[in-house]
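Asker: How does the following fold in three dimensions:
(one chain, ligands or ions: 2)
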Amino acid sequence: MNKIEHIGIAVKDLEAAGKTYETLLNTECYKTEKVESEGVETAFYQVGESKIELLGATRDDSPIAKFLEKKGEGIHHIAFGVEDIKAEMKRLKAEGYVLLNEKPKKGADNKLVAFLHPKSSNGVLVELCQEIKEEPDTLPEGDAVWDS
Ligand SMILES: C[C@H](C(=O)O)C(=O)SCCNC(=O)CCNC(=O)[C@H](O)C(C)(C)COP(=O)(O)OP(=O)(O)OC[C@H]1O[C@@H](n2cnc3c(N)ncnc32)[C@H](O)[C@@H]1OP(=O)(O)O
Ligand SMILES: [Co+2]
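Answerer: Ligands and ions are numbered 1, 2, ... in the order given. This is a model prediction of the structure:
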């Protein structure tokens, strides 16, 4: 893990929360992006080498909608930057961590991502993020961007 890439915060109203965080962090949102495969819309704020990722739900069955229903607004996950997401997934799986997706999938902000079940990490949902170096549009949305 090379840094805390972002902290994901689940919010009911992305626009309103965006104003709160723009003032709080004293910085503009540098990117908003929908990730349909996750049923989320995101807004990113750079804070030093890390970011704040605000997450709103775009569907009732999205993880964010379920989280908001169950727990209300708040910190949803911690994302760590990794050099080689496939190697990290293999290492963590071998160490007994529960991966929520078998293969890296396309996330927001030009990343390949994977998630670990909260029960593997003391009740914290952990996301692994690897910067996509190739042209992002060569990678399909959602799952399985990886050959076996
Ligand atoms: C795109 C963008 C990006 O950065 O690229 C993103 O981040 S997308 C971010 C949105 N996408 C994701 O989160 C994908 C990964 N998430 C998931 O697969 C799921 O949300 C999940 C498996 C963590 C939880 O699924 P679920 O809510 O249907 O399952 P349950 O309700 O049964 O929850 C199982 C247990 O995990 C707990 N739990 C659920 N969500 C969280 C969370 N965010 N942090 C910590 N604990 C959590 C529940 O309270 C429950 O604990 P107990 O059993 O004690 O009651
Ligand atoms: Co995230």
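
Asker: What is the neighbour count of the residue lying closest to D84 once chain neighbours are set aside?
Answerer: Distances taken as CB to CB, 6 or more residues apart in numbering put Q130 closest to D84, at 6.9 Å, once the chain neighbours are dropped. C-beta here means a position set from N, CA and C on the backbone, and glycine is covered the same way. Here the number of neighbours of Q130 (other CB atoms under 10 Å) works out to 21.

Asker: where's Q130 relative to ligand 1, distance?
Answerer: Q130 is 11 Å from ligand 1, where distance means CB to the nearest ligand atom, to the nearest Å.

Asker: Tell me where the model's unsure across this protein.
Answerer: Residues of the chain meeting the criterion pLDDT under 70: 134-148.

Asker: that older thread, surely the residue nearest to D84 is in a helix?
Answerer: No - Q130 sits outside any helix when classified using DSSP: H, G, I helix; E, B strand; the rest coil, being strand.

Asker: was I right about it contacting K105?
Answerer: No - taking contacts as CB atoms under 8 Å, Q130 lies outside contact range of K105: 11.1 Å.

Asker: For these two, list the residues in contact with both.
Answerer: By the contact definition CB atoms under 8 Å, 6 or more residues apart in numbering, Q130 and K105 are jointly contacted by 112-113.

Asker: if I pick the residue nearest to D84, what's in contact with it?
Answerer: 81-85, 104, 111-113.

Asker: In helices, which of those residues fall?
Answerer: Residues of the contacts of Q130 located in helices (DSSP state H): I85.

Asker: Selecting buried members of the contacts of Q130 in ChimeraX, what would you type?
Answerer: Selecting the buried subset of the contacts of Q130 in ChimeraX, with 16 or more other CB atoms under 10 Å as the burial test, is done by:
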select :81,82,85,104,111,112,113
